[in-house]
Each structure stands twice: as structure tokens, then as C-alpha cells.
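In: just to be clear, the model below is a prediction. Sequence and coordinates:
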Amino acid sequence: MFLKNGFLVSLRNRTLRLDTLIGSEQWKGMDILIFNSYHWWMHSGRLQTWDNYQIGDKIIEDMERMEAYKTALTTWANWVDSNIDPTKTSVFYQGISAVHYNGSDWNEPDVKSCKGQSNPVKGSDFPGLRPEGDSVVKSVLGKMKKPAILLDINLLTQLRKDGHPSTYANGRLDCSHWCIAGVPDTWNQLLYTILLED
């Protein structure tokens, strides 16, 4: 079953309710749960789907984005701790995948996007920074009583500046989603390997 909610928490009337999950009743009783949230938190301008935040009855018009993200992930983590039996349900959190909008991140300062990139970054180190949400995810997961297994895909995706649809999208720039076959197959193989070990 696939349930799409880019925030995990509830979005109502352009208000992100940071202490209210959506869809959590459907998560109960599953053998495997795989969660993911970050990409939509970074949208701004016309792509931003919310105007303010809410915690309890308090409406917050302006909040530091990573603080809001941490509050939302903590709401999710508390739900896992309160509702999941780890002997019956395996919980995974798919980490943050990279975007490639700026060539200076991979030591090509004249390159402005992933458009036309046809080779991965050489080696096994990425010269750019990890996304700011990476430390938030690790902090929240590290405090869980019933921890989720982190599928840390950040470096894998950072190295694959060539793995976006921009190369194949007839001129449409898309440096944040991933081509199939490619990077998604790799993280699915990693997940499959972990499942076989259990």
C-alpha cells in the first residue's frame, strides 16, 4: 500500500499541523512500514503549499523550517514509540535524497544544474554539504525508544548527479526526482538486503 503525504503531519487549509499525523490508523498492523519526508519541506515561493504552522491551538505564522521539520518528525517518532510492536512490524525511515541544482557542490562551479550530466561524481566522497535536514532526521531517530532503521541514502544520491530525469525530460529541468531504472533500484536493493538479514 502506498500512502502519499510529503509532510507526515496534517496539512489543512494551508496550515501544517505539526502535532497531528495523517493516515496513521492505516499504518497499524503492517509487517513493514517505510517512511520518508523532507523534499516538500524545502519548497518555497509558489511551490510552498502552506502559509503557517499549528501546534495544539496555537497558530505560528513564522517558524524556522528545520525546527518545524523536527517537531513534525518528533510527532511521528512518538507515534511509532506508542503504537508499534517491533517484534511484529519493521519500521524504516528512508533518509534524505540529494538535489543537484548547483555544480559548485560537486566542484564544477560553471555548471548550474544537473541538466546534461551523464556521469556520477568520481570517487566515494561528495565535496558539497549534506542537506540541513540530515542532522534533524538522525537526531529524532536517535531518541526513539523503538528505533526505525535509517536507510541513509544521502551520499548515494549525492554522487549520482547523472541520475535525474533532466537528461531525458525533453528540456524540462528536474534535478530532485530520480530516473527508473537507476538510483531507486539501488536503494530498493539495499532495503531488500536488510529485510533478508532479519
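Out: Thanks, I have it. Numbers count the residues shown, from 1 in each chain.

In: residue 148 touches residue 34, doesn't it?
Out: No: between residue 148 and residue 34 there is no contact under CB atoms under 8 Å: 9.1 Å. In short, each C-beta sits where N, CA and C put it, glycine included.

In: which positions within the longest helix seen in the chain qualify as buried?
Out: Assignment by DSSP state H gives helix 65-83 as the longest helix of the chain. Using 16 or more other CB atoms under 10 Å as the test for burial, helix 65-83 gives 68-78, 80.

In: which SSE is immediately downstream of it?
Out: Following helix 65-83 in sequence order, the next helix or strand is strand 90-94 (DSSP states H and E).

In: partners of that next one in the sheet?
Out: Its sheet considered, strand 90-94 pairs with strand 32-35 (parallel), strand 149-151 (parallel) by DSSP bridges.

In: and those, which is most packed in?
Out: strand 149-151 (a mean of 16; mean count of other CB atoms under 10 Å).

In: now it: average pLDDT?
Out: The average pLDDT for strand 149-151 rounds to 95.

In: now it, how far from the centre of its chain.
Out: Centre-to-centre, strand 149-151 and its host chain are 12 Å apart (CA atoms, centre = their mean, to the nearest Å).

In: same question, stretch 146-166
Out: 9 Å.

In: that stretch: which residues count as buried?
Out: For stretch 146-166, using 16+ other CB under 10 Å, the buried residues are 148-149, 151-154, 156-166.

In: can you flag which of these belong to helices?
Out: Per DSSP H, the buried residues of stretch 146-166 map to helices at 154, 156-158.

In: may I have the biggest strand by length in the chain exported as CSV, CA atoms only?
Out: Counting by DSSP state E, the longest strand found in the chain is strand 15-21. In CSV, the C-alpha atoms belonging to strand 15-21 read as follows (Å, rounded to 0.1, in the frame of the first residue of the first chain):
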residue,chain,number,x,y,z
THR,A,15,-1.8,25.2,7.8
LEU,A,16,0.8,22.5,8.7
ARG,A,17,-0.4,20.9,12.0
LEU,A,18,2.9,19.8,13.4
ASP,A,19,1.4,17.7,16.2
THR,A,20,-1.2,15.8,14.1
LEU,A,21,-0.4,12.8,11.9
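
In: report the buried residues of the next helix or strand after it.
Out: Downstream of strand 15-21, the next assigned helix or strand under DSSP H and E is helix 24-27. For helix 24-27, the neighbour count (16+ other CB under 10 Å) marks residue 27 as buried.

In: stretch 189-198 too?
Out: Buried residues in stretch 189-198 (16+ other CB under 10 Å): residue 191.
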